[in-house]
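K.L.:
Predicted model and sequence follow; I will ask about them next.
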Amino acid sequence: MPVSPKIYHGNSTPSPDAELAALIDAHPKPSSLSEYSYGTAGFRYEASLLPCVFVRMGIFAALRSASLGGEEVGAMITASHNAEPDNGMKLADSHGGMLDAAWEEHAVSLANAPDSQHALALIHTLLSQHTSTGDGGNSSKKKLPKMVVHIGRDTRSHSLPLAALVIRASRAMGATVIDHGEVTTPQLHHFVMHANGHMLPSIIPQRCNESGYCEIMAMSYAALLRTGSVGGKGNVGKQRLHSTSTLVIDGACGIGALKINQFQHIFEKLRAEGCTVGLPTLHTVNFPGDGPLNDKCGAEYVQKQQLPPRLYTPSSKGAVSKRYMTSFDGDADRIVFHFEDEAGKFHLLDGDKIAVLVSSFIQDELRCIDPEGKAVKCGVVQTAYANGSSTLYLKNVVKTNVVIAKTGVKFVHAAAHHHFDVGVYFEANGHGTVLFGPKFYDFISAADAKLRGTSRHNRANIALRRLRVLPALVNQSVGDAMSDMMLVDAILFLRGWDLSTWSKLYSDMPSKQAKVKVADRSIITTNENETAAVAPAALQIALQAAMDDMISQESSGNGPKPRCFVRPSGTEDAVRVYAEANTQKGADTLAYEAMMLIYKLCGGVGAPPQPLITNRL
Ligand SMILES: CC(=O)N[C@H]1[C@@H](OP(=O)(O)O)O[C@H](CO)[C@@H](O)[C@@H]1O
Ligand SMILES: [Mg+2]
C-alpha cells in the first residue's frame, strides 16, 4: 500500500552554525578522494565515501529551497543502475526536473570545502546572495526564509542511514523535511513538481504523495485504453492480443518491483468495479532481496549486454512467459522491453524503439486533428548512443525533427523543452519521457472548442481524448519506468500490436558497448555532442583510422556508416566505448580496437582488454 510521508520540522535554533559545524566536522572528507565531482546525474560513489557529501547536500538542498523563496526541492538517495555497493544523490529542483546547472557548481564547491569553517562561509555567502532575507554573513541576526526538502531513497542497505544524515543536516539548517521513505526516483521528482504546483495543465490535481501519483497515472492509463473501445476508422485496439495479456516486469531486485505492485492492486479494484478496458495482468519478478541489485538483471544489464535478465524470484523460474517483458533499473527511471520469439531468439526494444513508437503515435493522433501537422512542433531528442537506424527511421519514416544532445537527463530534458512543443526524449538505455509545452495545451483547447458536439466516434474526437490524457500519464518531471510502461502498453493496445510487430519497424545496426578502467578518466575530453574525443589528440586520430578501415571493409549502401566513440562515464569509474557497424563482428572489432587504444594511450589499469565476441541467443 502507498505509505504517507513523514514530516520533520526544522530545528529552531536561532543560530544553526554550531550544529552545522559539528555535523560537518563529524563527517570529514575521505582521504582517498581528492575531489567530489558532480557526475551525469549527481554525486555517485562507493557508499563509504558519501557521508561527508551527504551532510553537505542536506544543507545545500535547504539552501536551494531558500534561494527559491521557499519552493520545495528534493533529494533522492540512489545510485540507480550502479552495483549495490555504490550510492549517490540526485537533486530535484522545484519544477521537478534536475538541479539548475549554475547551482551544480555551488553544490560542488560546498561538497569540496576543505573544512567546516570554509563550508559555513560559503553557506552564508549563498544565503546572502540568493535570498531576499539573506543574513549578510550572520544567520543569528535575521530570520531565514521557508525551506522544504523532500527526501526519497532506493532499497540499498546504506540508503536508510545516508537518508538519515541528509534529514539531520537539512533540519539543522531549519528546513522542514518531508521523508517519503522508499520511492522510485521519478516518484520523488513527481512529488516535488506537484508540491510546487508546477505541472501543466492545471486540471491535473495537485497530489504530491504516492497514492496521488498512482491514482493519476492509473486513471489516465485506463482512460487512454478506453479510447480503443470506440469504433472508428483506423481504431483497432478493442481487444488485447493474447501475447500482451500478461506483462512480466523485471524489477532489477530494486524499488520498482515493490512500487509496480501498487498498480496491480489498482487494476484489480478497477476490474472489480466493472472496468473492462483491457488492463493487462502485471507479473513482477526480481524483487529486492531475491538477488543482487542490478546484477544480471534490470534495464542496464539487458540493454548493455543485449541479453535477457536472470530471473531470481524463486516461484517464477520456468513459469514466466517471455513474450512480453520489461526491465526497470535500480531506481525505476529507465525501462526497456524485450521478448523471446518462437525460436527462442532474444529481441531488445530499447529507448530508441520507445522514442519511435511514442513519437509516431503522438504525431499520428495530432494529424487526425491537424492534417497539415503545423500547429504543434514535434521532435525527438537522442544522444550519441542512439542506434543509427533509429535516427534514420525517425527522420525518414516518422518524418520528425531529431536533435542529438549530450548524454544525461539534464541535457536531453533541456533540449526537448527548448526545441519542441511536444518533445520526446529517450536515451538508448531507456530513460525518457515526453514533454508537453504551452502550445500543445493551446492546441488541445482549440480542438476541444472545434470538436465539441461532434460524434464521439469521430476519429478527430478520439484523437483529442487520447492526447488530452497524455500529460497526466506521462511523467512531466523526468523519465519514469512505470509511467513509460503504461504509455507503451496503451499504444501497443491501441495499435493492436505485440512486441514482435513493434520490433520489426526497423532493424538496429549491430552495436557493442564496453568499459575500460583507467587511472584517471578525466584526461579524456570530448566535443560538444560527445561523438569525438578532443583529448588525448592521438586517441581520436587512431579511432578515426579504425573507423575508416571498417567503413572500407563494410559496404553500407545508404544506411548508417560504422562509427565508434568513447567518453568518460559520469556515473561509474570507467571510460565507455560505443561502436556500431553493419555486422556484429564489425561492431565487436571496432569496440575492441577502441578499448585497446584507451588502454594504451590513457593509462589502462589491470590486464589488457580481451577481444569481444558477441554470442547472440
Ligand atoms: C551510456 C549510458 O547509458 N549512460 C548513462 C549513464 O551515464 P554515464 O555518464 O554514461 O555513466 O547514467 C546516466 C544516469 O542514469 C544516464 O543518463 C546515461 O545515459
Ligand atoms: Mg536510474
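P.N.:
Cool, the structure landed. Ligands and ions are numbered 1, 2, ... in the order given.
K.L.:
Roughly how far does the residue in the chain that ligand 2 sits nearest to sit from residue 577?
P.N.:
Using CB to the ion, residue 80 is the residue of the chain that sits closest to ligand 2, at 3.1 Å. Just so you know, the C-beta spots here come from the backbone N, C-alpha and C atoms, and that holds for glycine as well. Separation of residue 80 from residue 577 (CB to CB, to the nearest Å): 20 Å.
K.L.:
neighbour count winner among these two?
P.N.:
Looking at residue 80 and residue 577 with other CB atoms under 10 Å, you find the greater number of neighbours at residue 80, namely 29 against 25.
K.L.:
residues in contact with the nearest residue to the more buried one once chain neighbours are set aside?
P.N.:
Leaving aside its sequence neighbours, residue 80 sits nearest to residue 331 (CB to CB, 6 or more residues apart in numbering; 4.7 Å). For residue 331, the contacting residues are 76, 78, 80-81, 154, 184-185, 254-256, by CB atoms under 8 Å, 6 or more residues apart in numbering.
K.L.:
for the residues you listed, which one is nearest residue 287?
P.N.:
Proximity of those to residue 287 (CB to CB) peaks at residue 254, which lies at 8.7 Å.
K.L.:
ok, and the closest non-adjacent residue to the closest one?
P.N.:
Nearest-residue entry for residue 254: residue 330, 4.1 Å, with adjacent residues in sequence omitted and distances by CB to CB, 6+ apart.
K.L.:
Correct me if wrong, but the one you found is in a helix.
P.N.:
No - using DSSP: H, G, I helix; E, B strand; the rest coil, the assignment for residue 330 is coil, not a helix.
K.L.:
show me the contacts for it.
P.N.:
Going by CB under 8 Å, 6+ apart, residue 330 touches 78-82, 154, 252-256, 293-294, 298, 300.
K.L.:
which of those residues are close to ligand 1?
P.N.:
Contacts with ligand 1 are made by residue 80 out of the contacts of residue 330, judged by CB under 6 Å from any ligand atom.
K.L.:
If you rank the contacts of residue 330 by neighbours, which is first?
P.N.:
Using other CB under 10 Å as the neighbour test, the contacts of residue 330 are led by residue 256, with 38 neighbours.
K.L.:
after the helix or strand encompassing it comes which helix or strand?
P.N.:
Here residue 256, judged by DSSP states H and E, is contained in helix 255-272. Note on helix 255-272: by DSSP H and E, the next helix or strand toward the C-terminus is strand 281-285.
K.L.:
who does that following strand touch, helix- and strand-wise?
P.N.:
Judged by 3 or more CB pairs under 8 Å, 6 or more residues apart in numbering; DSSP states H and E, strand 281-285 is in contact with strand 246-250, helix 255-272.
K.L.:
quick one: which of these is nearest residue 392?
P.N.:
Closest to residue 392 of the helices and strands packed on strand 281-285 is strand 246-250 (CB to CB; 29.5 Å).
K.L.:
So what are the sheet partners of that closest one and their directions?
P.N.:
Strand 246-250 has the following strand partners under DSSP bridges: strand 281-285 (parallel), strand 325-328 (parallel).
K.L.:
returning to what we had before: right, is the helix holding residue 256 up against ligand 2?
P.N.:
No - no part of helix 255-272 sits close enough to ligand 2 to count as contact by CB under 5 Å from the ion; the gap is at least 9.5 Å.
K.L.:
Now that helix: average pLDDT?
P.N.:
Per-residue pLDDT over helix 255-272 has a mean of 92.
K.L.:
Offset the numbering so it begins at 18, please.
P.N.:
From this message on, residue numbering opens at 18, which makes the last subject helix 272-289.
K.L.:
Next, the angle from that helix to strand 298-302.
P.N.:
Counting by axes from the mean of the first three to the mean of the last three CA atoms, to 10 degrees, helix 272-289 points 160 degrees away from the direction of strand 298-302.
K.L.:
Check which helices and strands helix 272-289 is in contact with.
P.N.:
Secondary elements touching helix 272-289 (3+ CB pairs under 8 Å, 6+ apart): helix 227-243, strand 263-267, strand 298-302, strand 342-345, helix 498-512.
K.L.:
So what's the gap between it and the chain middle?
P.N.:
Centroid displacement of helix 272-289 relative to its chain, using CA atoms, centre = their mean, to the nearest Å, is 21 Å.
K.L.:
Against which helices or strands is the helix or strand hosting residue 451 packed?
P.N.:
Secondary structure from DSSP H and E places residue 451 in strand 449-453. Packed against strand 449-453, as judged by 3+ CB pairs under 8 Å, 6+ apart, are the following elements: helix 368-386, helix 426-436, strand 439-443, helix 476-490, helix 498-512.
K.L.:
Check these for me and report the most buried one.
P.N.:
A comparison of the helices and strands packed on strand 449-453 by mean neighbour count, using mean count of other CB atoms under 10 Å, puts strand 439-443 on top with a mean of 29.
K.L.:
what sits against residue 261?
P.N.:
Per CB under 8 Å, 6+ apart, neighbours of residue 261: 297, 340-341, 506, 509-510, 515-516.
K.L.:
ok, 7 Å please
P.N.:
Applying CB atoms under 7 Å, 6 or more residues apart in numbering to residue 261 gives the contacts 297, 341, 509, 515.
K.L.:
Which of the contacts of residue 347 fall in helices?
P.N.:
Applying DSSP state H to the contacts of residue 347, the entries found in helices are 272-273, 315, 317.
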